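Chemist: Only the shape, not the letters, is given here:
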């Protein structure tokens, strides 16, 4: 099952699958993600970044998906910027608790 992590802090464990956050994922058949996260170390997962020679997601993105990826990145950067302006320390809070999916 294809999934994505949103936060790599020890207390912010969870994965996103089809736009939903799953804080409990041990029973899920997770198989593919973009990049490694320490809390997944005991899972048999294929990481796409390895197959792309360590490129970033933006560098490896197919041309037909670039607009969608850029829109998502712009939105996420906007959330980070607003949280920073509000003096919210992202090291003390889970990112996915502060922003909508």
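Modeler: Done, it's in. All values derive from a computational prediction rather than experimental measurement.

Chemist: quick one, phi/psi of residue 32?
Modeler: Main-chain torsions, residue 32, degrees, to the nearest 10: phi -140, psi 130.

Chemist: Quick check: bridge partners of it?
Modeler: Going by DSSP bridges, residue 32 is paired in beta bridges with residue 2, residue 46.

Chemist: Which residues are in contact with it?
Modeler: With contact set as C-beta atoms under 8 Å, 6 or more residues apart in numbering, residue 32 has these partners: 1-3, 45-48. All C-beta spots, glycine's among them, are computed from the backbone N, C-alpha and C.

Chemist: most surrounded residue in those?
Modeler: Among these, the one with the most neighbours (other C-beta atoms under 10 Å) is residue 3, at 20 neighbours.

Chemist: Do a quick rundown of the helices in the protein.
Modeler: Using DSSP state H, the helices found in the chain span residues 48-51, 57-60, 66-85, 95-98.

Chemist: What are the contacting residues of the third one?
Modeler: Just to be clear, that refers to helix 66-85. For helix 66-85, contacts defined as C-beta under 8 Å, 6+ apart pick out 57-58, 61, 90, 98-99.

Chemist: quick one: residue 53 from residue 59, how far?
Modeler: Between residue 53 and residue 59 the computed distance is 9 Å (C-beta to C-beta, to the nearest Å).

Chemist: ok so, going back, just say which of the helices of the chain is most tucked in.
Modeler: Mean neighbour count, computed with mean count of other C-beta atoms under 10 Å, is highest for helix 95-98 among the helices of the chain, reaching a mean of 15.
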